[in-house]
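S.K.: Structure, please.
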Amino acid sequence: MVAFGGVVRDHDHGRGVTQLEYVGHPSAEELMAEIAGEIAALPKVHAVAISHRIGVLGVGDVALAAAVSAAHRGEAFDACRQLVEEVKARLPIWKRQVFADGDEEWVAAP
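M.R.: Sure, this is the predicted structure:
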């Protein structure tokens, strides 16, 4: 079993970050389940779990949690990486970054 926790960093592109806010499209939960199902259907994968938080998060908070159980560690690592990359590429979630200087920016969903 392999687990991944995507943690809110204190920086982005050389700028200090104080908090993030995630806003999800109403279809986000359904699409996340679809992606999890795709990964769960891979050969030798036994189980998949994924969760993406919504709302305001502080530095150090876990924003994305993923876990994959597979027949062997190699398959588990590969499937977990694929799961995280697919969620990051396809999930309709917008991120607002608040920087240490008070500026903020929105990063669009895929």
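
S.K.: ok, now which ones touch the residue of the chain positioned farthest from its centre?
M.R.: Computed with Cα atoms, centre = their mean, the residue of the chain farthest from its C-alpha average is Asp101, at 25.8 Å. Each residue near Asp101 by Cβ atoms under 8 Å, 6 or more residues apart in numbering is listed here: Arg15, Gly16. Where C-beta positions appear, they are placed from N, C-alpha and C, glycine not excepted.

S.K.: Repeat that for the one 5 residues further on.
M.R.: Under the criterion of Cβ under 8 Å, 6+ apart, the contact list for Trp106 reads Trp94, Lys95, Arg96, Gln97.

S.K.: Just send those back as a markdown table, with neighbour count too.
M.R.: A markdown table is the format used below for the contacts of Trp106 (neighbours: other Cβ atoms under 10 Å):
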| residue | neighbour count |
| --- | --- |
| Trp94 | 13 |
| Lys95 | 17 |
| Arg96 | 14 |
| Gln97 | 19 |
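
S.K.: Number of residues surrounding Val45?
M.R.: Other residues within reach of Val45, judged by other Cβ atoms under 10 Å, total 20.

S.K.: Next, it: phi, psi?
M.R.: The phi and psi values for Val45, taken as degrees, to the nearest 10, are phi -90, psi 130.

S.K.: from memory it sits against Ser69, does it?
M.R.: Yes: contact criterion Cβ atoms under 8 Å: Val45 and Ser69 qualify, at 7.4 Å.

S.K.: Mutual contacts of those two, please.
M.R.: Counting by Cβ under 8 Å, 6+ apart, the contacts common to Val45 and Ser69 are Ala76.
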